[in-house]
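>>> Sequence first, then the predicted structure, then my questions.
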2 protein chains.
Amino acid sequence: MMTTAPNRENILQAHELIAPYIHRTPVLTSVFFDQLSGSNIFFKAENLQKIGAFKARGGLNAILQLTEEERKNGVATHSSGNHAQAVAYAAAMVGARAYVVMPDNSPEVKVKAVEGYGASITFCKNTPEEREATVQKIVSETGATFIHPFNNYEVITGQATASKELIEDVDIHLDMIIAPVGGGGLLSGTALSANYFSPGTQVYAGEPEGAADAILSFRSGKIEKAPYVKTVADGLLTYLGDKTFPIIKEYVTDILLVSDEEIISAMRFLWERMKIVVEPSGAVSLAAVLKNRAIFEGKNVGVVISGGNVDLGKLPF
Amino acid sequence: MMTTAPNRENILQAHELIAPYIHRTPVLTSVFFDQLSGSNIFFKAENLQKIGAFKARGGLNAILQLTEEERKNGVATHSSGNHAQAVAYAAAMVGARAYVVMPDNSPEVKVKAVEGYGASITFCKNTPEEREATVQKIVSETGATFIHPFNNYEVITGQATASKELIEDVDIHLDMIIAPVGGGGLLSGTALSANYFSPGTQVYAGEPEGAADAILSFRSGKIEKAPYVKTVADGLLTYLGDKTFPIIKEYVTDILLVSDEEIISAMRFLWERMKIVVEPSGAVSLAAVLKNRAIFEGKNVGVVISGGNVDLGKLPF
């Protein structure tokens, strides 16, 4: 288990390790969005990733590094959905058992997908406390290795490979990269990759107004919870961890809030104009760019589209 | 104007000519679809093309080859949607006026997009005869060059570049490529590219049962109309032309019919599992592969996803 934040070499090695199991997702561009935003946007389409989200990267990196002994006891996690699928998928790749704790209001499409990878699901109430208690019980009963959805250096290292690819696949220097922030696994990995592989590239985060813990933490300097949690971006409900927050504090330029209305509008634009299926959390970065022309205008901006797992029967538009 | 079917050199030149104005769309793979079909599928995602469909290629190739004099008088066409957008987009690229005749039941998203490129739209009844009469009137009044949606060698040559890219971007030899057939522009271009750039690769077509003209023509040896026209695949309503049909007759292995139910099911699978927005016509190739395991099992199959222009407010599922 890594005990310090990933260095450049860790990310390079993780990328080699997980490469056979992931898609090198395309970087998409669109004149429409360039005109709408006034900037040059390079979309990293992680909704086209295995399991429909960047989370496959972190789950794989954590599970591929387990010893044979650890794999025998299986892995466990809690997640509102995409990390659950990532762990179930990665466990299936190495033939390990996966125990997944999911909130009882998880989108049906995500539950089905986790089941599809052969994981054992335990449902619980959708509070961070309840989820952690349930998974701890499973871990003590089975000896499974707990794979935290974000507050885990192997996971952070895996997520960092998305922006490493983005930086490699864009011919010009990116002025900024923006990623959504929930627990901060993707954001901290993005920040580290920008720092190591594209010095001078600023990293921003988009966060829903209805889960505004990261911006509070960023301003106060310590991990805070959101004053209330209610947003369509169901992948971004959690608060930061003691492994993700220090990296974010050091390397992230700013966190930008967006409303659910702005998220849904950006999401619909992506479906209609880019022809890609994006979940609300996956549209948060674009929503923040469209809202903050003063920051992004005239810049080369990498926009991480984090995922595309959404119930087609329950669209917010 | 080309007066004979495109040769290898024509396609190479067309690709260079249009390359600055198109996306080199990604080739996507999915373990899910490989398992479902029993074959190795390489999806050419032309729904991610400019204007949301492969038609951008043909429209560009036709319009970029016009003389300055011809460009001054503008271009005209009729189309149920994607070719309309392609002509409008290509005309905008060279600063020419575009006159577009559209059926009065065209999907709103397609009408809006054509307007967005600054074209002049004339609506008419949705019959091939009515559409051709209306566009001929415009041509005689304005001197615009008519760009036929498929029965035009420059257009066929442009469409051929999609499978040229697919062949180049897949590392292994494709046993087959399958494309949808409406008027046959994409299919004839696909067949020529397979013949020139991947000898031995068979070309199949998928066709809706509710617009089954191409299969009749293929069997009888002369251009036939469909016994009835009623399908969700609104991009495939037309019958073959005297330029597309001879190419199809010579180079296509077979045409496979699929029902609307099978089209909608394949479409929904693509949205849910590939996270891409595909229109009904764009899912016809996949539907045909899933229906005909006996043909495609164990093979490396290129599947052309032709477009993604669909009204999000009027989904068939």
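Received it, and whenever you're ready, just let me know what you need.
>>> Run through the residues that contact residue A:236.
Residue A:236 sits next to A:180-182, A:207-208, A:211, A:281, A:284 when contact means CB atoms under 8 Å, 6 or more residues apart in numbering or on different chains. Yep, even glycine has a C-beta here, placed from its N, CA and C like the rest.
>>> The residues you listed in helices, which ones?
residue A:284 (DSSP state H).
>>> Please identify which of the contacts of residue A:236 is nearest to chain B.
Using CB to the nearest CB, residue A:281 comes nearest to chain B of these, at 13.3 Å.
>>> ok, that closest one touching residue A:234?
Yes. Residue A:281 lies in contact with residue A:234 (CB atoms under 8 Å); the separation is 6.8 Å.
>>> which of these two has more neighbours?
Set residue A:281 next to residue A:234 and count neighbours by other CB atoms under 10 Å in any protein chain shown: residue A:281 wins out with 33 against 23.
>>> would you list every one of the strands in the stretch 101-250 of chain A?
A:120-124, A:145-146, A:176-180, A:202-208 (DSSP state E, counting those that start in this stretch).
>>> now those in JSON lines, with mean neighbour count?
Shown next, in JSON lines, are those (neighbours: other CB atoms under 10 Å in any protein chain shown):
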{"stretch": "strand A:120-124", "mean neighbour count": "16"}
{"stretch": "strand A:145-146", "mean neighbour count": "18"}
{"stretch": "strand A:176-180", "mean neighbour count": "29"}
{"stretch": "strand A:202-208", "mean neighbour count": "27"}
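>>> and residue A:60, which of those strands is closest to it?
strand A:145-146 (14.1 Å; CB to CB).
>>> so how far is residue B:192 from residue A:233?
Per CB to CB, to the nearest Å, residue A:233 is found 47 Å from residue B:192.
>>> by how many degrees do the helix or strand of chain A with the lowest mean pLDDT and strand A:120-124 diverge?
Across the helices and strands of chain A, mean confidence by mean pLDDT, DSSP states H and E is lowest for helix A:108-116: a mean of 85. Helix A:108-116 and strand A:120-124 are oriented at 140 degrees to each other (axes from the mean of the first three to the mean of the last three CA atoms, to 10 degrees).
>>> If we go by neighbour counts, what in helix A:108-116 is buried?
A:109-111, A:113-114 (16 or more other CB atoms under 10 Å in any protein chain shown).
>>> And that helix, what does it pack against?
helix A:82-94, strand A:98-103, strand A:120-124 (3 or more CB pairs under 8 Å, 6 or more residues apart in numbering or on different chains; DSSP states H and E).
>>> Could you dump the strands of the stretch 101-250 of chain A into TSV with mean pLDDT added?
Formatted as TSV, the strands of the stretch 101-250 of chain A follow (pLDDT from 0 to 100):
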stretch	mean pLDDT
strand A:120-124	95
strand A:145-146	97
strand A:176-180	98
strand A:202-208	98
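>>> To chain B, which of those strands lies closest?
When the strands of the stretch 101-250 of chain A are compared by CB to the nearest CB, strand A:176-180 sits nearest chain B, at 16.2 Å.
>>> send the alpha carbons of that closest one over as CSV?
The C-alpha trace of strand A:176-180 is given here as CSV (Å, rounded to 0.1, in the frame of the first residue of the first chain):
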residue,chain,number,x,y,z
MET,A,176,-6.0,24.6,-17.9
ILE,A,177,-7.6,21.3,-17.1
ILE,A,178,-10.9,21.1,-15.3
ALA,A,179,-12.3,18.1,-13.6
PRO,A,180,-15.4,17.6,-11.3
